[in-house]
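S.K.: Using only what follows, build the 3D model:
(2 chains)
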Amino acid sequence: MKRSRFVISLIILLSIALGVTIFSVGAGAVYISPSRVFQVLSGSVSQGTEYVIIMNLRLPRVILAAFIGGGLAVAGTAFQGMFRNPLADPYVVGASGGAALGATMAIAFGLSINIAGFNAVPITAFFGSIAAVFLVYLIAESGNSASTISLLLAGTALSTILSSVVSLIMLLSDKTLHETYTWLLGGLSGRSWNDLTSTAPFIILGSLALWFMSRPLDALASGEKTAISLGLPVKKTRALIVLMASLTTAAAVAAGGIIGFVGLVAPHIARLFFGSSHRRLIPASMITGAILLILADVISRTIVAPMELPAGIITSITGGIFFLYLLKARSGELRG
Amino acid sequence: MKKLRTEELNCGYSSRTVLENICLDIKEGSILGLIGPNGSGKSTFLNTLARMIKPKKGKILLAEKDLWKISSREAASTMAFTPQDTGSTLPLTINQFVQLGRAPHRGWLLPLTAEDKKVVNDALKKTGLEGFQDRYITELSGGEQQRAALARVLAQEPDILMLDEPTSHLDIKYQTEILEMVADLAHNQGISVVISIHDLNTAALYSDRLALIGKGGIAAYGTPEEVLKEDILTEIYDTPVIVTSHPLFETPMVMPGINRKIKKKVINL
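M.R.: I've put the predicted structure just below:
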């Protein structure tokens, strides 16, 4: 794709993101028209109920959705490239299993730590996630055939073990079953500026780092031997990619629970329009992921209003159907 | 042009040694063909030479410096390698793929300069891929994919080029096309080429020297005439062969010499 076409496509994608943001800030139990939303966002209205609803409730939540969706999409893109596997997602090296165990334990055992204004659940989810990935990495790289495949296998195995432990804890503490289950499904109910300021820095850092590693990712996606022959320090690069993608994922999971499919589907959609070169794919993928989760979140809080569904359910249903469609439509092109 | 040689090299994997005591001098501007039976260790040797696998013992010397004591980037700016499997499920365009070849010179973070782009364009031109550069690698035929792989290593501007069975899945037209390009690189641009080739006759046609890998080491080394002898090949490949010569170029030609129990029927019409 020519540079000019790439820039135009990116501008179109950004415009869609902006439109979706304005629409979803307005949507909800109290409908606010786009023009009103625009007035509030541009600063010409600075008081009243609508102002409070937008600035205190909806805007932080929509922006948080954008960051979480974008972060998951970038992590998914990086893992798909690194593993050369179109089925890889942000959770492929165990990030979700660790986060789930951390959060489940915090809820079931009624943990009430509070660090810098944060509750136990996001904190335990974040560190659980990092710990699980670290463990997977150690197991995979300690073997003789330290390779990309062993990372994938260790990730799958540990995730299975951890999710069984999670099920066991849920079974033993049935009082907190509902709360735990809701968290596991993922969603953004009741999130505030506070959640955003704690999550965004990690996602920005991780995504930027991965974007800087675009060319190493291109090389790895072309095959490990090709990457080595180009002089890429493959082991170090792989460690850095795992670290940065997992930091991004852990922050996203801590803030929104385990939201499925965004990190898998967004890179595929972006790849359709922007190709596989990571320098272009990563930003495109990030914006696509942001759009998808903003939309899923707005559906989750309007479809059965005034009740809310976990956004993770919406992303999994729509994402799953869309993925099947992609698979069918592009079965000729997705060569194994 | 930097030179590559090995000193009492043992190659293999963690649990076993495949090849022992290999001492080879790769001559500047020439083609060294690696031949040998399936599983003899051609690929293992080439992968060791290309810094994919650590030697079990001995040394590989690049410009008299231990290959494993210089940085991977320094090695990659002098030696280029095309592995057997170049396919990808997440395809780049040809241009993006060939641009990767500049990484050892430009680094992984800095954008490519006008000079880099010129080298990339030259590589595309030399491999006849000009005008195709925006097509995806996976859309190409086997011969075109090998050309793209060759363009990528050319963009690397190597002194030493290693190719792992670049012609194995190609028909005779594309085989000839790729090997003619390789011959041009060696003989006209002074690049030293190490190439593993399955087919003995193409190996004989294009190699200046042959190394026959077998019985855990180099079973024979020399010009094609010196290596492709009936007794040597019959022993190493464990099957009777007949050696004649190419009608035009007088290089050796090898064909099976099976003691047929059942003669092929001659049908008189």
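
S.K.: so where's the chain uncertain?
M.R.: The chain I'm using is chain A. By pLDDT under 70, the low-scoring segments of chain A are A:1, A:114-118, A:143-146, A:330-336.

S.K.: wait, I meant chain B there
M.R.: Residues of chain B meeting the criterion pLDDT under 70: B:86-89, B:259-266, B:269.

S.K.: try it again with 80
M.R.: By pLDDT under 80, the low-scoring segments of chain B are B:14, B:85-90, B:258-269.

S.K.: What about A:T199, how many residues nearby?
M.R.: Residues contacting A:T199 under the criterion other Cβ atoms under 10 Å in any protein chain shown number 26. Using the backbone N, CA and C atoms, a C-beta is placed for each residue, glycine as well.

S.K.: thought it was touching A:A250?
M.R.: No - counting by Cβ atoms under 8 Å, no contact exists between A:T199 and A:A250, whose distance comes to 9.8 Å.

S.K.: For chain B, give the helix that spans the most residues.
M.R.: Counting residues, the longest helix found in chain B (DSSP state H) is helix B:172-189.

S.K.: what's the following helix or strand after that one?
M.R.: Downstream of helix B:172-189, the next assigned helix or strand under DSSP states H and E is strand B:192-196.

S.K.: can you map out the strands along the stretch 101-250 of chain B?
M.R.: For the stretch 101-250 of chain B, the strands defined by DSSP state E, counting those that start in this stretch cover B:160-164, B:192-196, B:209-214, B:217-222, B:241-245.

S.K.: so which residue of the stretch 1-150 of chain B comes closest to chain A?
M.R.: Per Cβ to the nearest Cβ, the residue of the stretch 1-150 of chain B with the smallest distance to chain A is B:A76, at 2.8 Å.

S.K.: residues from the stretch 1-150 of chain B in reach of chain A?
M.R.: Within the stretch 1-150 of chain B, the residues that sit near chain A (Cβ under 8 Å from any Cβ of the partner chain) are B:14, B:47, B:50-52, B:71-77, B:79-83, B:85-93, B:96-97, B:100-101, B:103-104, B:108-109, B:134, B:136, B:138.

S.K.: Separate out the buried members of those residues.
M.R.: Restricting the residues of the stretch 1-150 of chain B next to chain A to buried positions leaves B:47, B:50-52, B:72-77, B:79-83, B:86-93, B:96-97, B:100-101, B:103-104, B:108, B:136, B:138, with burial counted as 16 or more other Cβ atoms under 10 Å in any protein chain shown.

S.K.: hmm, back to that, so which of the residues of the stretch 1-150 of chain B next to chain A belong to strands?
M.R.: B:79-82 (DSSP state E).

S.K.: JSON lines for the residues you listed, including distance to B:I160?
M.R.: Converted to JSON lines, those look like this (distance: Cβ to Cβ, whole Å):
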{"residue": "B:M79", "distance to B:I160": "4"}
{"residue": "B:A80", "distance to B:I160": "7"}
{"residue": "B:F81", "distance to B:I160": "9"}
{"residue": "B:T82", "distance to B:I160": "13"}
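
S.K.: Nearest residue to the residue of the stretch 1-150 of chain B closest to chain A in space, please, no chain neighbours.
M.R.: Once flanking residues are discounted, B:A76 sits nearest to A:G231: 2.8 Å by Cβ to Cβ, 6 or more residues apart in numbering or on different chains.

S.K.: Could I get the contacting residues of that neighbour?
M.R.: Contacts of A:G231 were listed using Cβ atoms under 8 Å, 6 or more residues apart in numbering or on different chains, and they are B:71-77, B:103-104.

S.K.: contact partners of stretch A:22-36?
M.R.: Counting contacts by Cβ under 8 Å, 6+ apart, the residues touching stretch A:22-36 from outside are A:37-38, A:40-41, A:45, A:49-50, A:53-54, A:58-59, A:62, A:65, A:294-295, A:297-298, A:301-302, A:305-306.

S.K.: Of those, keep whichever come out buried.
M.R.: By the neighbour-count criterion of 16+ other Cβ under 10 Å, those include these buried positions: A:37, A:40, A:45, A:50, A:53-54, A:58-59, A:62, A:65, A:294-295, A:297-298, A:301-302.

S.K.: ok, residue 241 - how many residues close by?
M.R.: Assuming you mean chain A. Neighbourhood size, A:I241 [other Cβ under 10 Å]: 22.

S.K.: should've been chain B
M.R.: There are 19 residues near B:V241, going by other Cβ under 10 Å.

S.K.: did I read that right, B:N10 in a helix?
M.R.: No - the assignment for B:N10 (DSSP: H, G, I helix; E, B strand; the rest coil) gives strand, which keeps it out of a helix.

S.K.: Over to the closest residue to chain B within the stretch 101-250 of chain A: give its phi and psi.
M.R.: Going by Cβ to the nearest Cβ, chain B is nearest to A:G231 of the stretch 101-250 of chain A, at 2.8 Å. Comment: the main-chain dihedrals of A:G231 come out as phi 90, psi 10, following degrees, to the nearest 10.

S.K.: again, but for B:E20
M.R.: On the backbone of B:E20 - angles per degrees, to the nearest 10 - the values are phi -130, psi 150.

S.K.: Next up, the contacts around it.
M.R.: B:E20 makes contact with B:10, B:216-217, according to Cβ under 8 Å, 6+ apart.

S.K.: would you list those residues in CSV and tack on distance to B:H198 and neighbour count?
M.R.: Rendered in CSV, the data for those read as follows (distance: Cβ to Cβ, whole Å; neighbours: other Cβ atoms under 10 Å in any protein chain shown):
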residue, distance to B:H198, neighbour count
B:N10, 24, 18
B:G216, 20, 16
B:G217, 19, 20
